[in-house]
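>>> sequence first, predicted coordinates after that:
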Amino acid sequence: MSTNWRISSFNGALLAAYFIPTWTIVAFKIMVSPIHGLYERPNISVALFISDHLQLAAMNTVRFAWLLALGKLTVVAFFALFVVLLTRASIRKTGGCDEALGIALAIGSLISFASMVLASQVGESAALRLHATELLLLLGTAIVLVIERPALPQAEQSSASPELSLQHPRILDNA
């Protein structure tokens with residue numbers, strides 16, 4: 001069994017397993033039928049806010065729905081890029097896939113936070129719980145990603161902390 005997985009890589013892979021299919025389906029429903037897709041459960045808070053507070057015309061509502069779908073597909077694309085980069089062990093160990101994960105987390109957090117705020121404005125409690133849960137998942141992974149540093153290559157590890165053998169004990173100078 002391979003033990004070279006970092007916690008942020010594993011957590012990011014789990015998030016990608018949720019967000020890629022979920023947000024892709026939601027975005028494609030919006031692309032097929034913008035108004036109907038906007039008024040489905042994952043986007044109902046945004047749709048109600050647009051119709052109640054902004055009072056946009058139908059074509060502007062369609063444009064806003066497409067913009068929301070584009071944002072969600074952008075997050076899906078960065079999660080997919082992260083998963084592709086994650087398959088190479090050398091990239092995974094050094095943290096080379098963290099940029100794609102970071103961008104997906106930033107844009108996804110922004111979309112989820114805005115949707116959560118709009119859900120609280122229109123009083124949609126089920127949508128509020130959904131977007132708050134998504135936001136907490138994304139922020140938790142972002143915190144782990146920020147705190148966890150990538151593994152050092154072998155050359156840097158040996159120079160940073162040389163191994164002590166039993167033949168050469170190190171004695172501390174107490175003077």
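Structure's in. What do you need?

>>> got a list of what the most centrally placed residue in the chain touches?
By CA atoms, centre = their mean, the chain has its centre lying nearest to Leu105, at 3.0 Å. By CB atoms under 8 Å, 6 or more residues apart in numbering, the residues touching Leu105 are 15, 138-139, 141-142, 145. Every residue, glycine included, has its C-beta placed from N, CA and C.

>>> next one: Tyr39
By CB under 8 Å, 6+ apart, the contact set of Tyr39 is Ala47.

>>> what about it, distance to Lys29?
10 Å (CB to CB, to the nearest Å).

>>> about what we covered before: now do the same contact list for the residue lying closest to the residue nearest to the centre of the chain once chain neighbours are set aside.
What sits nearest to Leu105 in space, not counting adjacent residues and going by CB to CB, 6 or more residues apart in numbering, is Ala142, at 4.7 Å. Applying CB under 8 Å, 6+ apart to Ala142 gives the contacts 102, 105-106, 109.

>>> repeat that for Thr74.
Shown in contact with Thr74 (CB under 8 Å, 6+ apart): Ile107.

>>> sec struct for Trp5, please.
Taking DSSP: H, G, I helix; E, B strand; the rest coil as the rule, one finds Trp5 in the coil state.

>>> okay, it: pLDDT?
The score at Trp5 is 78. That number is its pLDDT.

>>> in this structure, what residue spans correspond to helices?
Counting by DSSP state H, the chain has helices at residues 7-32, 34-38, 44-49, 58-86, 89-94, 98-122, 125-147, 154-160.

>>> circling back to that earlier point, buried subset of the contacts of Ala142, written for ChimeraX?
Buried residues among these (16 or more other CB atoms under 10 Å), as a ChimeraX selection:
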select :102,105,109
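
>>> and which of the contacts of Ala142 is nearest to Ser33?
Using CB to CB, Ser109 comes nearest to Ser33 of the contacts of Ala142, at 27.3 Å.

>>> leaving out chain neighbours, which residue sits closest to the closest one?
In space, and not counting its chain neighbours, Ser109 is closest to Leu138: 4.5 Å by CB to CB, 6+ apart.

>>> with Leu81 instead?
Among residues not flanking Leu81 along the chain, Ala100 sits closest, at 4.4 Å (CB to CB, 6+ apart).

>>> if I look at that neighbour, how far off is Ser115?
Counting by CB to CB, the separation of Ala100 from Ser115 is 22 Å.

>>> the more surrounded of those two?
Ser115 (25 against 21; other CB atoms under 10 Å).
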